[in-house]
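> with the sequence up front, the predicted model follows.
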Amino acid sequence: MKPLYTNRCSDVSFRHVRSHFPICTSMKRKHTVVIADDHTLFREGLRALLSAHEDLEIVGEAENGHEAVRSVEKHQPDILIVDLSMPKMGGLDAIRELKARHPGTRILVLTIHATEEFILEALDAGASGYLLKDATHDELILAIRSVLREKRYLSPDISAKVIEGYIDGRKAVKSRSVWDSLTLRERQILKLIAEGRKNKEIADILFISGKTVAKHRANLMDKLDLHSASALTAYAMERGLISR
């Protein structure tokens, strides 16, 4: 007599089910990951670390914000792990652009910046988690899995800073400053100036004219009362736009 039905997971037919339960290997769904950080050695280390987990698959890497945006568009990952200080386009700008265009991708910030201002800007931009680079392996995995479950994750030190801000009655923790008066485009150009790029190169990167770059540069110098490229670079370092 032919078996009524054969389970794809084994050779055991339903007529034998009472005495032989089919053994089926459970295939976990892999969560896809893109890593964005301008340090190659750090990316390689992070890739090796995460690849040890069967449910995580690294599908792309990026060394600046532009590459991060392109990689997310290409791979449509479940999560982007991103640093804030990167050349050409920083992490904050990349987060804003990606949340507008690819809201389904969860974003975890992994950075050295521990100040309230960076934390709030990242969360306002759309990040779901914020973790410092001195975190342990276990905390990193906990953060990734929390964000993948559509929960927010802040490392303990970061949570403490945010809570302190609320206790002090400062729900908008970041104070109003000259920095807040800069437009997004001015911040982008400030970063590129600090990277040593000339007006023509900045214009090519941002797809704007050289005259527009010159105008933004003049506005920056006027608003910040800084009148040389070296002074603008020092200010950009203070703001964490580029590494010291």
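Everything's here; your move.

> tell me the contacts of Pro77?
Taking CB atoms under 8 Å, 6 or more residues apart in numbering, we find Pro77 in contact with Thr32, Val33, Val34, Val59, Gly60, Ser71, Thr105. C-beta coordinates here come from the backbone N, C-alpha and C atoms, glycine included.

> and it, what helix or strand is that in?
Secondary structure assigned from DSSP states H and E places Pro77 in neither a helix nor a strand.

> the helix of greatest length in the chain packs against which elements?
Looking across the chain with DSSP state H, the single longest helix is helix 210-224. Here helix 210-224 touches helix 178-181, helix 184-194, helix 199-206, helix 229-238, going by 3 or more CB pairs under 8 Å, 6 or more residues apart in numbering; DSSP states H and E.

> in the chain, which residue is most central in space?
Val82 (2.8 Å; CA atoms, centre = their mean).

> for that one, list each beta-bridge partner.
Ala36, Val109 (DSSP bridges).

> can you pull the contacts of it?
Ile35, Ala36, Asp37, Ala68, Gly91, Ala94, Ile95, Ile107, Leu108, Val109, Leu110.

> which one of those sits closest to Ile141?
Leu108 (11.1 Å; CB to CB).

> what number of residues lie near that closest one?
22 (other CB atoms under 10 Å).

> got a pLDDT number for His20?
In this model, His20 is scored at 45, pLDDT.

> my bad, should have said Asp78
At Asp78, pLDDT is 97.

> could I get the phi/psi values of the nearest residue to it once chain neighbours are set aside?
With sequence-adjacent residues excluded and distances taken as CB to CB, 6 or more residues apart in numbering, Asp78 is closest to His31, at 4.5 Å. Backbone torsions of His31, given as degrees, to the nearest 10, read phi -90, psi 130.

> tell me which of the helices and strands packed on helix 210-224 sits most buried.
For the helices and strands packed on helix 210-224, the largest average neighbour count (mean count of other CB atoms under 10 Å) is found in helix 184-194, namely a mean of 21.

> want to throw the contacts of Val82 into CSV with pLDDT?
As requested, these are arranged in CSV below (pLDDT from 0 to 100):
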residue, pLDDT
Ile35, 98
Ala36, 97
Asp37, 96
Ala68, 96
Gly91, 92
Ala94, 94
Ile95, 95
Ile107, 97
Leu108, 97
Val109, 97
Leu110, 96
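
> who touches the helix or strand where Val59 lies?
Val59 belongs to strand 56-62 when assigned by DSSP H and E. Outside strand 56-62, the residues within contact range by CB under 8 Å, 6+ apart are 30-37, 43, 47, 50-51, 68, 70-72, 74-75, 77, 144.
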